[in-house]
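>>> fold the following for me, if possible:
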Amino acid sequence: MHEVLMAAGDGAHHVATWLAAVPDPGAGEPPPGADKLLTLLRWVAWVVSGLCVVGVLIVAGRMAVLHHRGEGGQHAAGLAWVASACILVGAASGIVGALI
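This is a model prediction of the structure:
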């Protein structure tokens, strides 16, 4: 078991060394076609934001049905997942910027 952990630690060290050697392109000139990539990213962000709205509406509908049946409180987990997705959508560019 100890040998496996040592090998895993060695592998992680090699990966970290390799990642540190990757050059940082900085704020150089974007390649040709970068505007099309940005357009695609905006469309994806728009679709995902729309899906978040749909998710909130679905949870709201489930809340109404479950309340009518007397099964309240089970919708909280669904709302938490949808809210988490909304937070990730809103913070996506900041998270990626922080990691890069």
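>>> mind naming the longest helix for the chain?
Ranked by residue count under DSSP state H, the longest helix found in the chain is helix 34-69.
>>> in stretch 50-60, which of the residues would be classed as buried?
For stretch 50-60, a neighbour-count test (16 or more other CB atoms under 10 Å) marks 52, 55, 56, 59 as buried. C-beta: built from backbone N, CA, C; applies to glycine.
>>> which residues touch the second one?
This points to residue 55. Residues near residue 55 by CB atoms under 8 Å, 6 or more residues apart in numbering: 81, 82, 85.
>>> downstream of the longest helix of the chain, the next helix or strand is which one?
The helix or strand immediately downstream of helix 34-69 is helix 76-99, counting by DSSP states H and E.
>>> tell me the mean pLDDT over that next one?
Summarised as a single mean, pLDDT over helix 76-99 is 83.
>>> touching it from outside, list them.
With CB under 8 Å, 6+ apart, helix 76-99 has contacts from 45, 48, 49, 51, 52, 55, 56, 58, 59, 62, 63.
>>> give the buried residues for that helix.
Buried-residue list, helix 76-99, by 16+ other CB under 10 Å: 78, 82, 85, 86.
>>> do stretch 38-50 as well
Buried residues in stretch 38-50 (16+ other CB under 10 Å): none.
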